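> Below are the sequence and a predicted model; questions follow.
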Amino acid sequence: MKITDIELHAVGVPRHTGFVNKHVIVRIHSDEGTVGIGEMSDFSHLPRYSIDLNDLGKGLKSVLVGKDPFNLMKINQDLLDNFPEAMYYYEKGSFIRNGIDNALHDLCAKYLNVSVSDLLGGRVRDKLKVCYPIFRHRFMEEVEENMDVVRKRYEQGFDVFRLYAGKNLDADEAFLAKVKEEFGSRVKIKSYDFSHLLNWKDALRAVKRLSRYDLGLEMIESPAPRNDFEGLYQIRLKTDYPISEHVWSFKQQHEMIKKDAVDIFNISPIFIGGLTSAKKAAYAAEVVNKECVLGTTQELSIGTAAMAHLGCSLTNIHYTSDPTGPELYTGDVVKNKIIYKDGYLHAPDKSIKGLGVEIDDVLLEKYRVPDLSWGEVTVHQLQDRTSDSKE
Ligand SMILES: O=C(O)C(=O)C[C@@H](O)[C@H](O)C(=O)O
Ligand SMILES: [Mg+2]
Ligand SMILES: [Mg+2]
């Protein structure tokens, strides 16, 4: 089989917070007539430049057209040559590689008439426990807004949440106290995510203060600046809570392994550049006896389906994971959205070939945007995924 063409479609999908995220939906065509779909998720992260999709399409065609899609390892090497990994969390080249790699998995699985799960080593589970994100408080009045989010999502079946913390500890503390008072042990807050905003000592002080409201805390995420391996190591020695960090490059993961800087690797195909690379990162974690959680950039259903297949194939996931994108957005671009029930992300049925989701062309047109250009957004909005313009 040979790749014959690549399609890239930019879409802008609003979240329930009003924040609009731009993604690129991928189609990879082959000379067998089989078409693979993928998703370059959430370009709406800093740095504040945008990619010209016409130029990107030409570049990807020059790399991929004529190649056998089953040569996944070689194609991933070629993609890395063209879109090298960087020591940066939101490297857009990783998003590009991810969209191509998950589309190639869809294409190959469809050609073999199997599920993507069968290309990833099969399943150890059919669903993943996940948590709903509570975005960062900047102002005290956001506490009640976030309590409403917990109430609404609890009614929907989510009983585990994660808190982005550290900008307004008074508000964080007030929120946790309210959750404990109103929900008791019915709701769990599985992590405080400091998003690399604090140095490790400030994060440690915040952990000591907020863990007075330990509502089932599983981990502390990103409690030091990006690539501060010493800082992760220091806080890891000084708190009983497991430390987790996102994996955004193999060099970074290697440094964290050498430093013994974390307990948990937070692995998302989007940040490491695809399912193929995410498997490598998860297996490296297993080799050094570290746990993984499936992270997220908050993908649409195509990207989330790829992550569900991956997460259900991994043996070293025992904490609550994060992919809830289809529940955060007001829309999607597929005919059959990913299913969440009782706080679990359900992987697509293995009897459905490929990723198990199908593009809805009407919705694709509904959400289509001309490019990945930036609108008027503030750093606060970008960091906390909100349309609220209070500064
Ligand atoms: O765990 C994290 O860190 C995130 O989920 C980062 C968020 O910014 C995510 O990428 C989002 O877009 O909500
Ligand atoms: Mg995080
Ligand atoms: Mg994101």
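Okay, I see it. Ligands and ions are numbered 1, 2, ... in the order given.

> In contact with residue 125, which residues are there?
Listed by Cβ atoms under 8 Å, 6 or more residues apart in numbering, the contact set of residue 125 reads residue 312. The way it works is simple: take the backbone N, C-alpha and C, and place the C-beta from them, glycine included.

> and what of residue 282?
265, 267, 292, 310, 314, 316.

> helices or strands up against the helix or strand where the third one lies?
Assignment of secondary structure by DSSP states H and E places residue 292 within strand 291-294. Using 3 or more Cβ pairs under 8 Å, 6 or more residues apart in numbering; DSSP states H and E as the contact test, the elements touching strand 291-294 are strand 264-267, helix 275-287, helix 301-311.

> can you put these in JSON lines and add mean pLDDT and distance to residue 38?
Listed next are the helices and strands packed on strand 291-294 as JSON lines, based on pLDDT from 0 to 100; distance: least, Cβ to Cβ, whole Å:
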{"stretch": "strand 264-267", "mean pLDDT": "98", "distance to residue 38": "18"}
{"stretch": "helix 275-287", "mean pLDDT": "98", "distance to residue 38": "10"}
{"stretch": "helix 301-311", "mean pLDDT": "98", "distance to residue 38": "7"}
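
> Nearest to ligand 2, out of these?
Distance to ligand 2, taken as Cβ to the ion, is lowest for strand 264-267 among the helices and strands packed on strand 291-294, at 6.2 Å.

> Could you list the residues in contact with the closest one?
Against strand 264-267 from outside (Cβ under 8 Å, 6+ apart): 219, 221, 242-247, 253, 256, 278, 281-282, 285, 290-295, 319, 322.

> List, one by one, the residues from the stretch 151-300 of the chain near ligand 1.
193, 195, 295-298 (Cβ under 6 Å from any ligand atom).

> So which bits of the protein are right by ligand 3?
42, 297-298 (Cβ under 5 Å from the ion).

> Dump these to JSON lines, plus secondary structure and distance to residue 49.
JSON lines is the format used below for the residues of the chain next to ligand 3 (DSSP: H, G, I helix; E, B strand; the rest coil; distance: Cβ to Cβ, whole Å):
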{"residue": "42", "secondary structure": "coil", "distance to residue 49": "15"}
{"residue": "297", "secondary structure": "coil", "distance to residue 49": "17"}
{"residue": "298", "secondary structure": "coil", "distance to residue 49": "21"}
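
> Quick check: the residue of the stretch 201-350 of the chain nearest ligand 3.
Counting by Cβ to the ion, the stretch 201-350 of the chain gets nearest ligand 3 through residue 297, at 3.3 Å.

> How many residues are close by that residue?
26 (other Cβ atoms under 10 Å).

> Hmm, it is touching residue 248, no?
No - checked against Cβ atoms under 8 Å, the pair residue 297 and residue 248 is beyond contact range at 10.9 Å.

> Quickly list what's touching both of these two.
90, 271.

> Nearest to residue 226, out of the helices and strands packed on strand 291-294?
Closest to residue 226 of the helices and strands packed on strand 291-294, according to Cβ to Cβ: strand 264-267, at 13.0 Å.

> Only alpha carbons, please: show the closest one as PDB.
The C-alpha coordinates for strand 264-267 follow below in PDB (Å, rounded to 0.1, in the frame of the first residue of the first chain):
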ATOM      1  CA  ILE A 264       4.700   9.200  37.500                       C
ATOM      2  CA  PHE A 265       5.200  10.100  33.800                       C
ATOM      3  CA  ASN A 266       2.300  11.900  32.400                       C
ATOM      4  CA  ILE A 267       2.300  10.700  28.800                       C
END
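
> looking at this, residue 14 is in a strand?
Yes - counting by DSSP: H, G, I helix; E, B strand; the rest coil, residue 14 falls inside a strand.

> on that earlier part again, could you work out the most separated pair of the contacts of residue 282?
So, those by Cβ to Cβ: farthest apart are 265 and 310, at 13.2 Å.

> neighbour-wise, which of the two wins?
Just comparing residue 265 and residue 310: by other Cβ under 10 Å the higher neighbour count belongs to residue 310, 29 against 25.

> can you pull out the strands in the chain?
With strands called from DSSP state E, the chain shows them at 3-14, 20-30, 35-40, 127-129, 132-134, 160-164, 188-193, 219-221, 243-246, 264-267, 291-294, 339-341, 344-346.

> Adding distance to residue 371 as columns, could you present the ones you listed in a markdown table?
A markdown table is the format used below for those (distance: least, Cβ to Cβ, whole Å):
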| stretch | distance to residue 371 |
| --- | --- |
| strand 3-14 | 6 |
| strand 20-30 | 9 |
| strand 35-40 | 13 |
| strand 127-129 | 34 |
| strand 132-134 | 28 |
| strand 160-164 | 29 |
| strand 188-193 | 31 |
| strand 219-221 | 32 |
| strand 243-246 | 27 |
| strand 264-267 | 30 |
| strand 291-294 | 30 |
| strand 339-341 | 31 |
| strand 344-346 | 31 |
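
> I'd like to know how many residues surround the residue lying closest to residue 26 once chain neighbours are set aside.
Once flanking residues are discounted, residue 26 sits nearest to residue 38: 3.9 Å by Cβ to Cβ, 6 or more residues apart in numbering. Residue 38: 28 surrounding residues under other Cβ under 10 Å.
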